[in-house]
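*Asks:* Following is a predicted model, sequence given first.
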Amino acid sequence: MAYKSSGSTKSKEIKHATAHDLEEWNIAETNWRRYERARDSGHLEWVEMAKKCDAFYRGDQWLETDKQSLQAQGRPALTINTILSTINTVLGEQALKRGMVNFKPKRMGSEDIAAILNKLYSVIHDQNDMDYKESQVFSDGLIQDRGFFEVGIDFSENIEGEVKITVEDPLDIYIDPDAKDSDPDTWQEVIKSRWLSMNEIELLYGQDKTDRLRALVDGNQYYGPDSIHVTQNRYGDVPDSFMGPFNASDLPEYEQRTIRRVRVIERQHRIPYKCWYFVNPEYGDMAKIPLSWDEERIEAHALEYGLMRVPREEMKVRFTVSCDKVVLHDDWSIYPFFTIIPYFPYFRRGKPFGMVRNLLSPQEQLNKVSSQELHVVNTTANSGWIVEAGALANMDVDDLEAKGAQTGLVLEYHKGAEAPAKIPPNQIPTGLDRIGLKASMNIKEISGISDAMLGQSPAEISGVALEAKQNRGAVQIQVAIDNLNRSRAVVARRVLKLIQEYYDNPRVFFMTEGNEDPQAVEVNKRLPDGSTLYDITVGDYDVDVTSQPSRDVYNDQQFAEAMALRAANVMIPDANVIEYSHLEDKRKIAQEVRQLTGTAELTPEQQQMQAAMREIELRQFELQLQQMQAQVENLQSVTALNMAKAKTELSTDETAAMEEFKVQADQLMNIQDNLTKLKVAQISAQSAMDEKVLESATRVDTALIRNAGERDSTQKKLQVEMEKLKKAGANS
């Protein structure tokens, strides 16, 4: 089906149009022509196919004319909807494997900021209910060949803007006819077209736009029914302002028309534009300067990171909205990308297609063969009778024809007449049932969904073989899952750009990690020294998308693995196992278990009490140290005195002096051992001490080092004196 415009009226309008009007007319004309090109380049044919695929999934699989023809012949029209179970199985596989997005630092990025971005993306993911929307887009792609996200900024609840992700109707999106890749960054344009009422136009774009549209209809200067849907007023559609007897011919022509709806064309397209980039002179890395940054911010950023600014010509996105010959909006897009993100289950050289498209023929074959089988069975159930003329006694031939197939029929025929006989029914054509079986098998082979994935495997098959078949079926649908991950990655990159562009002021988010309670995290926090804590606007990050089980399935797996590890004598704490369970108050129970085992986080009162006890222990250590130091000093003075006495009394008792020196040396060694034990005890408690404890430990270490040096010096003196005593004894 092709639409034709009502003909150009540009020559009539030029006479009274201003330069601004001509420019606006050219913009609207270009927008309309680009829409026509996208519409007539296969979009309408695809729309018919998409509607048919959607009808087959819902179970509407017969043309109305075919169904009426079969009913007129008394033939059944069965619908054996195997497409429904096949597609639902694939949708279930996708629901069990959710996407997980991780940001990895690249240029000027950091691991800390990447961790914050991961948590922030999780918050945005939950706020936009992305699990449900991904399933909706995935089902659109499988059934109708195409699914679409739209990523943008919403200012309805936050004046600074929040990331908003929506799902678009695939029938409203017109992709670039020249596109050869599924990545929207390679497209030159994308169009979203939708029907709106005049009230919606007035609400969104103002009264002036609605007046101009009505003027086009009044002058019969609009493009046609595909642009503006106009209906003629009939009896009963009398304007509220009209009084008295009504006659439609008494009204002017424009009052006999009602604008039911108008087509709004939202076109995003790329135009060459001169923009500015930051350049790292050391490494050559380049980053585009956001359009929202003012000159002061650009200079400050360049000075802080030592960057240069260079101009560059590139394609910039322009957003043009028009309705017929009226421009509703035309300006540069606030986004550096197309907001439309596609999902194509399969994409081959610019031709996307889904799974249902290739199941239409075997499904139609299955329906027709099943209907024919039922028709054959119905016809053989009442094949007819062979009756001799006048042989029937209790009914005539017409009664037998009407009641001959009833259960419990009693036939009475005249004596001597030939008994009535039933005509042998025709046999069911050989191979008819096998054709239906082949049609059912074709659906499974084309889709890759086996009996094992459908849960229809025979009872005698082993668990290992069943799991192998299920895994093999999952491999065949992996292409569709991988393409969904690709769309997830594009969405994540779009969200990252919006975060770095619009989340530039301090914000507080409540983030969760694992089984922990939500925690408030402030990003872009301005510190007193002028720096920024958790500045998420700086740095480049790669996007890594992986599949993981859904949250409930993931917790089940974690609980099962934790129990298996405990069975293998791995000491996993009880509280961690409880948090992976499905208990209603699992966090409360886990906290109570931690308190009972002494592993819970201390309360502020408990922390103060523990600090006081550590202070007492520290003072005890200091007293012991002072006592030991006094003993060392006393021993040193005694040793010096004994050495002096030894020099004067060497001749009287050399052996006793040597023994005394030996005892003194042993005492010094014992004192040193005690000091070493004290140091070890202090080091073990050092990790939990405050600054005072650390300072005191430092003083202890200093004293130990000084005492060790004094001990070494004393030992050397003792050895020298003992050598002198030995020599004196030898000489004597």
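*Replies:* Looks like it came in fine. Numbers count the residues shown, from 1 in each chain.
*Asks:* Just the CA trace of stretch 337-346, in PDB.
*Replies:* The C-alpha atoms that make up stretch 337-346 are tabulated as PDB, following Å, rounded to 0.1, in the frame of the first residue of the first chain:
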ATOM      1  CA  PHE A 337      23.400  10.400  19.900                       C
ATOM      2  CA  PHE A 338      20.100   9.000  18.600                       C
ATOM      3  CA  THR A 339      17.800   8.300  21.500                       C
ATOM      4  CA  ILE A 340      16.300   5.300  19.700                       C
ATOM      5  CA  ILE A 341      18.200   2.000  20.400                       C
ATOM      6  CA  PRO A 342      17.100  -1.000  18.400                       C
ATOM      7  CA  TYR A 343      17.000  -4.700  19.300                       C
ATOM      8  CA  PHE A 344      17.100  -7.100  16.400                       C
ATOM      9  CA  PRO A 345      17.200 -10.800  17.200                       C
ATOM     10  CA  TYR A 346      18.900 -11.500  13.800                       C
END
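*Asks:* In what element of secondary structure is F621 found?
*Replies:* Assigned by DSSP states H and E, F621 belongs to helix 604-648.
*Asks:* what does the average pLDDT come to for that helix?
*Replies:* Helix 604-648 shows a mean pLDDT of 73.
*Asks:* Which elements pack onto it?
*Replies:* Under the contact criterion of 3 or more C-beta pairs under 8 Å, 6 or more residues apart in numbering; DSSP states H and E, the helices and strands touching helix 604-648 comprise helix 654-686, helix 691-731. Just so you know, the C-beta spots here come from the backbone N, C-alpha and C atoms, and that holds for glycine as well.
*Asks:* Stretch 275-286: end-to-end distance?
*Replies:* This stretch, stretch 275-286, spans 12 Å end to end (C-alpha to C-alpha, to the nearest Å).
*Asks:* what mean pLDDT does that stretch have?
*Replies:* Mean per-residue pLDDT for stretch 275-286: 85.
*Asks:* buried set for it?
*Replies:* Buried residues in stretch 275-286, counting neighbours by 16 or more other C-beta atoms under 10 Å, are found at Y277, F278, V279.
*Asks:* for the stretch 451-600 of the chain, which spans come out with low pLDDT?
*Replies:* 451-452, 455-473, 512-517, 550-557, 600 (pLDDT under 70).
*Asks:* which residue packs closest to the residue nearest to the spatial centre of the chain, ignoring adjacent ones?
*Replies:* Taking C-alpha atoms, centre = their mean as the criterion, G99 is the residue nearest the geometric centre of the chain, at 5.1 Å. Ranked by C-beta to C-beta, 6 or more residues apart in numbering and with sequence neighbours excluded, the top spatial neighbour of G99 is R488, at 4.4 Å.
*Asks:* chain center to the strand or helix carrying the one you found: distance?
*Replies:* R488 belongs to helix 478-502 when assigned by DSSP H and E. A distance of 8 Å separates the C-alpha centroid of helix 478-502 from that of its chain, computed with C-alpha atoms, centre = their mean, to the nearest Å.
*Asks:* do stretch 474-490 as well
*Replies:* For stretch 474-490, the distance from its own C-alpha centre to the chain's C-alpha centre is 13 Å (C-alpha atoms, centre = their mean).
*Asks:* Please put the alpha-carbon coordinates of that stretch into CSV.
*Replies:* Output for stretch 474-490, consisting of C-alpha atoms alone and laid out as CSV, is shown next (Å, rounded to 0.1, in the frame of the first residue of the first chain):
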residue,chain,number,x,y,z
ALA,A,474,20.1,-22.9,24.7
VAL,A,475,23.1,-22.7,22.4
GLN,A,476,20.7,-22.4,19.4
ILE,A,477,19.0,-19.3,20.8
GLN,A,478,22.2,-17.8,22.0
VAL,A,479,22.4,-15.5,18.9
ALA,A,480,19.2,-13.7,20.0
ILE,A,481,20.5,-13.4,23.6
ASP,A,482,23.9,-12.1,22.3
ASN,A,483,22.1,-9.4,20.2
LEU,A,484,20.1,-8.4,23.3
ASN,A,485,23.4,-8.0,25.2
ARG,A,486,24.6,-5.8,22.4
SER,A,487,21.5,-3.6,22.8
ARG,A,488,22.1,-3.6,26.6
ALA,A,489,25.7,-2.3,26.0
VAL,A,490,24.4,0.5,23.7
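*Asks:* before we move on, back to that, quick one: residues in contact with the next helix or strand after the helix holding R488.
*Replies:* Moving toward the C-terminus from helix 478-502, the next helix or strand (DSSP H and E) is strand 507-511. Strand 507-511 is touched from outside by K119, L120, S122, V123, E160, P518, Q519, A520, V521, E522, V523, N524, with contacts defined as C-beta atoms under 8 Å, 6 or more residues apart in numbering.
*Asks:* Show me which of those residues is closest to L623.
*Replies:* Within the set of those, Q519 lies nearest L623; the separation is 43.0 Å, counting by C-beta to C-beta.
*Asks:* before we move on, back to that, restricted to strands, list the buried residues of stretch 275-286.
*Replies:* Among the buried residues of stretch 275-286, the members falling in strands are Y277, F278, V279 (criterion: DSSP state E).
*Asks:* Would you convert those residues into TSV that also reports distance to T430?
*Replies:* Formatted as TSV, the entries for those read as follows, by distance: C-beta to C-beta, whole Å:
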residue	distance to T430
Y277	75
F278	78
V279	78
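*Asks:* Tell me the one among those residues nearest to E299.
*Replies:* Nearest to E299, judged by C-beta to C-beta, of those is F278 at 11.4 Å.
*Asks:* Would you map the helices across the stretch 251-400 of the chain?
*Replies:* Chain-ordered helices for the stretch 251-400 of the chain, with DSSP state H, counting those that start in this stretch as the definition, fall at 295-305, 360-381, 397-403.
*Asks:* between these, which gets nearest to P76?
*Replies:* helix 360-381 (4.9 Å).
*Asks:* tell me which strands and helices that closest one is in contact with?
*Replies:* In terms of contact count using 3+ C-beta pairs under 8 Å, 6+ apart, helix 360-381 is assigned the packing partners helix 44-58, helix 82-95, helix 432-447.
*Asks:* mean confidence for the first one?
*Replies:* The pLDDT scores in helix 44-58 average 96.
*Asks:* Any chance you could give me it in PDB, C-alpha atoms only?
*Replies:* Coordinates of the C-alpha atoms in helix 44-58 are reproduced here as PDB (Å, rounded to 0.1, in the frame of the first residue of the first chain):
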ATOM      1  CA  LEU A  44       4.700  -0.800   5.000                       C
ATOM      2  CA  GLU A  45       5.400  -4.300   3.900                       C
ATOM      3  CA  TRP A  46       7.100  -5.000   7.100                       C
ATOM      4  CA  VAL A  47       4.200  -3.600   9.100                       C
ATOM      5  CA  GLU A  48       1.900  -6.100   7.500                       C
ATOM      6  CA  MET A  49       4.300  -9.000   8.300                       C
ATOM      7  CA  ALA A  50       4.700  -7.700  11.900                       C
ATOM      8  CA  LYS A  51       1.000  -7.600  12.400                       C
ATOM      9  CA  LYS A  52       0.600 -11.100  11.000                       C
ATOM     10  CA  CYS A  53       3.400 -12.500  13.300                       C
ATOM     11  CA  ASP A  54       1.700 -10.800  16.300                       C
ATOM     12  CA  ALA A  55      -1.600 -12.400  15.300                       C
ATOM     13  CA  PHE A  56      -0.100 -15.800  15.000                       C
ATOM     14  CA  TYR A  57       1.500 -15.500  18.400                       C
ATOM     15  CA  ARG A  58      -1.900 -14.600  19.900                       C
END
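*Asks:* per-residue confidence at L718?
*Replies:* At L718, the model reports a pLDDT of 59.
*Asks:* Begin at 312, not 1, for the rest of this chat.
*Replies:* Will do, 312 is the new start, and the previous item becomes L1029.
*Asks:* before we move on, back to that, in this structure the residue nearest to G410 contacts S858, no?
*Replies:* No. Between R799 and S858 there is no contact under C-beta atoms under 8 Å: 9.4 Å.
*Asks:* Mutual contacts of the two, please.
*Replies:* G410.
*Asks:* Please identify which of the two sits among more neighbours.
*Replies:* Each of R799 and S858 had its neighbours counted (other C-beta atoms under 10 Å), and the higher figure belongs to R799 (24 against 16).
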